[in-house]
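In: Okay, here's the prediction I keep looking at, along with the sequence it came from:
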Amino acid sequence: MDKIIGIDIGGTKIAIGRADINGNLEDSVRFPTNVSRGYKVIVREIIEKTAKLINGHSIKAIGIGCGGPLDSKRGRILSPPNLPGWDNVPLVEDIRSVFNVPVYLENDANAAALGEFHFGAGKEVSNMVYMTLSTGIGGGIILNNRLIHGVRDSGGEVGHQTILPDGPLCNCGNRGCLEALSSGTGIAKIFREKLASGRKSIVTEWVKDPEEISAKVIADAAKMGDPLAIEVWDSAIYYLGIGIANIVTIVSPEMVVLGGSLIKYGETLFVRIREIVKERARLVPTEEIKIVPARLGDDVGVLGAVAVGLLGDER
Ligand SMILES: [Zn+2]
């Protein structure tokens with residue numbers, strides 16, 4: 001039976017897997033990106049590792065998930081901040097010309113959304129929003145079984161909706177984005193600023209260098225009753241709930257799937273988010289909208305890329 005190759009390219013690591021059409025991962029490999037090597041050397045390693053995974057199997061297609069900005073139709077990567085030197089490079093053509101099978105490209109958050117939609121939590125629905133909550137907040141929106149690409153693949157950036165007009169500066173240049181308020185990096189930054197202004201926390205006894213304070217440490221301190229950690233963590237979840245309520249109000253999806261490392265830290269996170277969505281998204285029958293954890297875990301990147309390859313132009 002025909003297999004699909006999924007290639008997940010990130011700024012720190014690359015994962016490649018071979019799966020069947022049901023998303024069962026048969027074999028996979030991970031290696032560091034080492035971005036300083038440059039585009040050509042990295043692509044050569046991707047091609048070598050892919051050839052090893054193909055190894056006589058009949059391949060139907062190759063799907064690639066990569067950090068944006070990119071042009072999915074032309075198959076080009078357009079200078080992503082985490083892949084320096086990948087300036088308008090023809091990634092799809094460079095891989096297609098070697099293996100001679102259809103190759104499809106999608107930004108990594110959209111690919112992950114397709115992975116959860118096709119193989120994970122969203123298997124039974126046609127309308128789904130996926131959000132990944134980790135160092136940043138990314139996502140993808142699927143309506144009537146199709147991903148919303150938007151103009152120049154810029155649709156579905158759920159983490160960059162404005163929540164607080166004069167809030168903290170975001171990496172995108174705007175102020176008060178959801179990502180600046182509720183991502184792992186955003187939470188840690190807000191916490192550090194409160195410490196710098198003289199607030200006390202048990203966290204300073206655990207971590208000496210403020211730069212090493214992470215969202216996980218803050219979540220742990222909140223569980224132990226540390227007032228500052230509770231305050232910062234609760235407001236991050238509150239803003240996240242408002243962001244999700246905004247999306248639910250506009251899209252009214254059957255399901256919202258939340259993935260990423262942050263969802264592991266607070267058991268009460270889903271309960272609280274459902275409360276806020278119910279309170280804020282008044283015109284939507286929120287009791288019919290499922291808000292659930294992602295299912296694919298660490299394989300979401302590779303299986304997302306597999307879904308991109310499997311669905312091809314039908315995504
Ligand atoms: Zn932003």
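Out: Nice, I can see it.
In: What residues sit buried inside the top helix by length along the chain?
Out: For the chain, the longest helix by residue count, based on DSSP state H, is helix 227-251. Buried residues in helix 227-251, counted by 16 or more other CB atoms under 10 Å: 228-233, 236-248, 251. C-beta coordinates here come from the backbone N, C-alpha and C atoms, glycine included.
In: what's the answer for stretch 308-315, then?
Out: Here stretch 308-315 shows 308-311, 315 as buried, counting by 16+ other CB under 10 Å.
In: Kindly report the same for stretch 112-127.
Out: So stretch 112-127, judged by 16+ other CB under 10 Å, has buried residues 112-122, 127.
In: Doesn't R30 belong to a strand?
Out: Yes: the assignment for R30 is a strand, going by DSSP: H, G, I helix; E, B strand; the rest coil.
In: The nearest residue to it once chain neighbours are set aside bridge partners, please.
Out: Of all residues not flanking R30 in the chain, A15 sits nearest, at 4.6 Å (CB to CB, 6 or more residues apart in numbering). According to DSSP bridges, the residues that bridge with A15 are D8, R30.
In: what does the model give the residue in the stretch 201-315 of the chain that the ion sits nearest to for pLDDT?
Out: Here the stretch 201-315 of the chain gets closest to the ion at one residue, G243, 11.5 Å apart by CB to the ion. For G243, the pLDDT comes out at 98.
In: hang on, it packs against T162?
Out: No: assessed by CB atoms under 8 Å, G243 is found out of contact with T162, at 9.7 Å.
In: still on that earlier bit, now tabulate the buried residues of stretch 112-127 in CSV and tack on pLDDT, secondary structure and distance to S154.
Out: Formatted as CSV, the buried residues of stretch 112-127 follow (pLDDT from 0 to 100; DSSP: H, G, I helix; E, B strand; the rest coil; distance: CB to CB, whole Å):
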residue, pLDDT, secondary structure, distance to S154
A112, 97, helix, 17
A113, 97, helix, 15
L114, 98, helix, 17
G115, 98, helix, 20
E116, 98, helix, 21
F117, 98, helix, 20
H118, 97, helix, 23
F119, 97, helix, 25
G120, 97, coil, 24
A121, 97, coil, 25
G122, 97, coil, 22
N127, 98, coil, 20
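In: Could I get the pLDDT score of I137?
Out: pLDDT at I137 comes out at 96.
In: mind listing what it touches?
Out: Neighbouring residues of I137 by CB atoms under 8 Å, 6 or more residues apart in numbering: 131, 158-159, 178-179, 182-183, 243, 260.
In: and if we set it to 7 Å?
Out: 131, 158-159, 178-179, 182-183 (CB atoms under 7 Å, 6 or more residues apart in numbering).
In: try V35
Out: Counting by CB under 7 Å, 6+ apart, the residues that V35 touches are 11, 83-84.
In: Swap in 8 Å and give it another go.
Out: 11, 42, 82-85.
In: Closest one to the ion out of these, please.
Out: Closest to the ion, out of all of those and judged by CB to the ion, is N82, at 15.4 Å.
In: Tally up the residues packed near the closest one, please.
Out: By other CB atoms under 10 Å, 15 other residues sit near N82.
In: now it: how far from F31?
Out: 16 Å (CB to CB, to the nearest Å).
In: Can you name the element that comes right after the longest helix of the chain?
Out: Sequence order places strand 255-259 as the next helix or strand after helix 227-251, per DSSP states H and E.
In: Other residues contacting that following strand?
Out: 112-113, 116, 120-122, 125, 127-133, 244, 247-248, 270, 273, 289-294, 296, 300.
In: do stretch 221-230 as well
Out: Contact with stretch 221-230 is made by 191, 194-195, 199-203, 206, 218-220, 232-234, 266, as judged by CB under 8 Å, 6+ apart.
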